[in-house]
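**Student:** What would the 3D arrangement of this be:
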Amino acid sequence: MQKPEIPTRILSGLIELFDKNVTPGNMDLFSQLSDEINHLIHKDFNKLVTILYKIDVSEEKVKRLLKERVGEDAGVIIAGLLIQRQQEKKDAGNKTDIDKTIPEDEKW
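**Tutor:** From the prediction side, this is the model:
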């Protein structure tokens, strides 16, 4: 599976949720994130569920992809979903920034 291109800022934010002290240039952050997710799957599943909930990753999407991609690394799949969700939130924020350019007298 090809790794998605990930903005370092998004990955760093995700890794902070796992209480890791990571310098972006030190490691392949995607691999580290997927490794940490695999660790949580086996050692602290409740924490992983909390993180997925906090980031607002669709439970249905997680279940569907894990069923569709049996045999693939679950950490890689979930890492991709976390990154995708963070990107969606960032994109939605950018749309909100456009609204800030509306002149005050034209706002509701």
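
**Student:** Helices of this structure, start to end?
**Tutor:** 8-17, 29-43, 45-55, 59-68, 74-99 (DSSP state H).

**Student:** quick one, which of those is nearest to residue 105?
**Tutor:** helix 74-99 (14.8 Å; CB to CB). Bear in mind the C-beta positions are built from the backbone N, C-alpha and C, glycine included.

**Student:** Tell me the buried residues in the closest one?
**Tutor:** Within helix 74-99, the residues that count as buried by 16 or more other CB atoms under 10 Å are 74-86.

**Student:** quick revisit: would you reformat the helices of the chain as TSV and include distance to residue 105?
**Tutor:** Below are those laid out as TSV (distance: least, CB to CB, whole Å):
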stretch	distance to residue 105
helix 8-17	35
helix 29-43	45
helix 45-55	38
helix 59-68	42
helix 74-99	15
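
**Student:** Export those helices to JSON lines and append columns for mean pLDDT.
**Tutor:** JSON lines is the format used below for the helices of the chain (pLDDT from 0 to 100):
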{"stretch": "helix 8-17", "mean pLDDT": "69"}
{"stretch": "helix 29-43", "mean pLDDT": "87"}
{"stretch": "helix 45-55", "mean pLDDT": "88"}
{"stretch": "helix 59-68", "mean pLDDT": "92"}
{"stretch": "helix 74-99", "mean pLDDT": "78"}
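
**Student:** Kind regards, and thank you for your time.
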